[in-house]
Structure formats: C-alpha cells, structure tokens
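**Student:** Predicted structure and sequence below. I'll ask about it afterward.
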Amino acid sequence: GVSRKLMSRLKLTEQGLTLNGKRVFTNERVKQGDCLAVRMEQEQSDDILPEPMPLDIVYEDRELLIVNKLPGIIVHPTHGHYTGTLANGVVHHWLERGETVRFRPVHRLDEETSGLVAIAKNPYIHQQLSEQMQAGEIDKRYRAFVYKSPDPAYGTVDAPIDRNPEEPHLRVVIPGGYASVTHYETEAVYRSGGAAKIKLKLETGRTHQIRVHMKHIGCPLIGDKLYGYASSSRSSGGSAELEAAVERQALHAATLGFTHPMTHKYMEFEAALPQDLQQLEKLLLAGPRVK
C-alpha cells in the first residue's frame with residue numbers, strides 16, 4: 001500500500017527499506033518468515049513558526065491528530081497569515097511533547113468554519129487517508145443553519161462547481177464545472193420555515209462546496225459573507241439580528257469517520273456545536289420570524 005512517490009524516497013534513505021535488518025532494494029525477493037521493515041525519516045515544518053495556542057484535541061496517537069478547530073482560525077499559513085494558524089499551534093504542541101513531526105493536514109476547513117480536522121504525522125498516514133478521501137471512504141458530516149427551509153426536506157444537490165469567471169475568488173454552479181455532490185437532511189425548522197438547521201454529507205470536496213450548493217437551492221447559510229445575505233451584493237433578504245449574532249457562516253464540521261491506516265479499525269469522532277452556533281440556535285427558537 002505504499003505509494004510510488006514514498007517508495008522512491010525510501011529507496012534513497014539508508015535504512016528506508018530493510019530485509020532482516022539489511023538494506024535492500026525493491027527487486028529483492030522475500031520468503032515466508034522474512035521481516036521487511038519500512039522506515040521514514042523524521043520531518044519537521046521548519047517554515048512554520050511554533051506558537052502557543054489553545055487546542056481542542058479530540059484524539060492523538062503516534063500516527064495522527066484530530067483537532068476541533070475554532071472558527072476564525074486558518075488551517076495553514078498563507079501569504080499575509082504566517083502566524084495565528086492552526087499549524088502554528090499544532091507545531092508548538094508537538095515541540096512541547098518532544099515530537100519531531102511535519103504538519104500534514106489530510107483536509108482543510110474554511111477560516112470561518114469550525115469543526116474536526118485530521119492531521120497526519122507521517123507521509124504514509126497522509127497518503128492512506130488521502131486515498132480514503134478520494135475513494136469516498138471518509139465520512140465527513142456537517143451541521144449548518146440556513147435561511148428558509150430546503151424543499152424537499154432531504155435530498156441531494158448534484159451540481160458542478162467551478163470558479164466564477166467574473167470573480168475568480170468565488171465559486172459558482174456552472175455547466176462544465178467539476179462534479180460536486182452534497183447530501184442534505186433537514187434536522188429542524190424555525191420561525192415558520194424562515195430558517196432551518198440541516199445535516200450535510202459531502203460526496204465530493206470542492207472549495208466552498210456546501211456554501212455554494214446551499215445558495216444554489218435558495219437556502220444560503222446564515223452569516224455567509226461571500227454567498228449569503230451577509231454579502232454586500234445581497235444585503236436584502238436576511239436578518240440583521242441573526243447576521244450579528246453569528247458573524248460568520250453558520251457551518252460546523254461535526255463528524256469525521258475513517259479507517260485507521262495502522263490498526264485498520266474504523267474510528268468516528270464527534271464535535272459538539274460551538275458556543276456561537278448554540279447561541280444562534282437559541283435565538284432562532286425564541287425570536288420573531290425571519291423576513
């Protein structure tokens with residue numbers, strides 16, 4: 001199950017590939033009882049500055065780390081954001097534990113989206129989980145609060161997504177775009193159908209997929225500054241009260257399930273709604289009807 005790329009690196013490492021303790025190459029023949037060992041060099045993210053940061057660690061072992069990311073945190077440093085990212089905090093956490101590890105997120109969340117992120121601690125684990133992702137074997141489920149109520153209450157949005165030709169930083173449903181599939185189910189309806197809480201499961205993982213698909217079916221996410229009523233170009237139709245209450249897209253990565261590459265056991269993790277979305281739900285239950 002080792003990828004061709006990783007195997008090429010192993011062959012160049014002194015103890016990368018050994019048979020009964022002796023260095024060998026991939027053309028070596030093996031027999032029953034032989035011990036074949038694969039060793040990966042320790043790596044670290046020299047380009048990421050360690051930074052102390054409160055982390056909600058849901059699970060950690062020698063191979064991987066699962067973190068419940070807060071909203072407003074970027075996963076990986078980008079141009080103009082070299083500190084204050086999840087990567088900075090995780091690298092500091094590993095240094096505190098005495099671990100020499102490179103930051104390898106298996107997937108990412110938008111800055112304002114909260115929830116579960118899986119981080120591999122070596123290239124083999126990253127490769128294995130990435131393959132599960134591509135094969136649709138990783139269960140990623142979300143919770144979102146949207147305007148209006150989806151009709152029908154549950155279903156599948158199968159609509160291709162690509163960059164907006166007029167605004168390349170945005171995505172849009174467009175013929176000829178990349179295949180994009182989102183399954184949804186209405187969990188609760190508020191204010192006589194003016195808003196709803198929905199469960200979502202991704203079959204594909206396009207940039208901004210949930211946000212774009214919910215807008216496409218007429219149910220934009222509450223607080224979404226790019227695709228919802230919080231956008232300056234779509235200022236009418238939302239609720240100022242709700243927009244002010246959440247101040248970000250009301251989206252949370254609540255469930256993450258996969259098969260552990262080393263133990264081969266299925267693991268599933270849950271992250272409860274963060275405080276701001278809990279407050280939003282209370283407001284939806286108590287407040288007047290959305291316009």
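**Tutor:** Structure's in. What do you need? Owing to the predicted nature of the structure, the values given are computational and were not obtained by experimental measurement.
**Student:** wait, what's in contact with the spatially closest residue to residue 154 that is not a sequence neighbour?
**Tutor:** Closest residue in space to residue 154, ignoring its immediate chain neighbours: residue 185 at 4.1 Å, by Cβ to Cβ, 6 or more residues apart in numbering. Any C-beta I mention is one placed from the backbone N, CA and C, and that applies to glycine too. Contacts for residue 185 were tallied using Cβ atoms under 8 Å, 6 or more residues apart in numbering; they are 153, 154, 198, 199, 200.
**Student:** On the three-state scheme, residue 185 is what?
**Tutor:** strand (DSSP: H, G, I helix; E, B strand; the rest coil).
**Student:** And the strands in the stretch 1-150 of the chain?
**Tutor:** According to DSSP state E, counting those that start in this stretch, the stretch 1-150 of the chain carries its strands in the segments 17-19, 22-23, 36-38, 57-60, 64-69, 104-105, 114-120, 139-147.
**Student:** Let me know which of those is tucked in deepest.
**Tutor:** Stretch with highest mean neighbour count among these: strand 114-120 (a mean of 25; mean count of other Cβ atoms under 10 Å).
**Student:** who does it pair up with?
**Tutor:** Strand 114-120 has its sheet partners listed here by DSSP bridges as strand 64-69 (antiparallel), strand 104-105 (antiparallel), strand 251-259 (parallel).
**Student:** Output these as CSV; include the columns distance to residue 171 and mean pLDDT.
**Tutor:** Below are the strands paired with strand 114-120 laid out as CSV (distance: least, Cβ to Cβ, whole Å; pLDDT from 0 to 100):
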stretch, distance to residue 171, mean pLDDT
strand 64-69, 21, 98
strand 104-105, 20, 95
strand 251-259, 15, 97
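**Student:** Of those strands, give the one that comes closest to residue 224.
**Tutor:** The minimum distance between residue 224 and the strands paired with strand 114-120 falls on strand 251-259, with 8.1 Å, by Cβ to Cβ.
**Student:** and the closest one, how far from the chain's centre?
**Tutor:** With Cα atoms, centre = their mean, to the nearest Å as the basis, the distance from the averaged C-alpha position of strand 251-259 to the chain average is 8 Å.
**Student:** got the CA positions of that strand in CSV?
**Tutor:** Provided in CSV are the C-alpha atoms of strand 251-259 (Å, rounded to 0.1, in the frame of the first residue of the first chain):
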residue,chain,number,x,y,z
LEU,A,251,-21.2,25.9,9.4
HIS,A,252,-19.6,23.2,11.6
ALA,A,253,-17.7,20.0,10.7
ALA,A,254,-19.4,17.8,13.3
THR,A,255,-18.5,14.2,12.4
LEU,A,256,-15.4,12.6,11.0
GLY,A,257,-15.1,8.9,10.4
PHE,A,258,-12.4,6.8,8.7
THR,A,259,-10.4,3.6,8.9
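**Student:** hang on, isn't residue 49 packed against residue 83?
**Tutor:** Yes - Residue 49 is within contact range of residue 83, at 5.9 Å (criterion: Cβ atoms under 8 Å).
**Student:** Tell me what the residue nearest to residue 154 is bridged to.
**Tutor:** Going by DSSP bridges, residue 185 forms beta bridges with residue 154, residue 199.
**Student:** The strands paired with strand 114-120: which one's closest to residue 170?
**Tutor:** strand 251-259 (16.4 Å).
**Student:** now the angle from that closest one to strand 139-147?
**Tutor:** With axes from the mean of the first three to the mean of the last three Cα atoms, to 10 degrees defining the directions, strand 251-259 sits at 170 degrees from strand 139-147.
**Student:** Please enumerate residues in contact with strand 251-259?
**Tutor:** 66, 69, 109-110, 112-118, 129, 132, 137-144, 210-211, 221, 265-274, 277.
**Student:** Specify the local secondary structure of residue 196.
**Tutor:** At residue 196, secondary structure determined by three-state DSSP is strand.
**Student:** I'd like the distance between it and residue 153.
**Tutor:** According to Cβ to Cβ, to the nearest Å, residue 196 and residue 153 sit 9 Å apart.
**Student:** okay, and the common contacts of these two?
**Tutor:** Joint contacts of residue 196 and residue 153 (Cβ under 8 Å, 6+ apart) are residue 186.
**Student:** Below-threshold pLDDT in this protein: ranges please.
**Tutor:** For the chain, applying pLDDT under 70 flags the ranges 230-237, 287-291.
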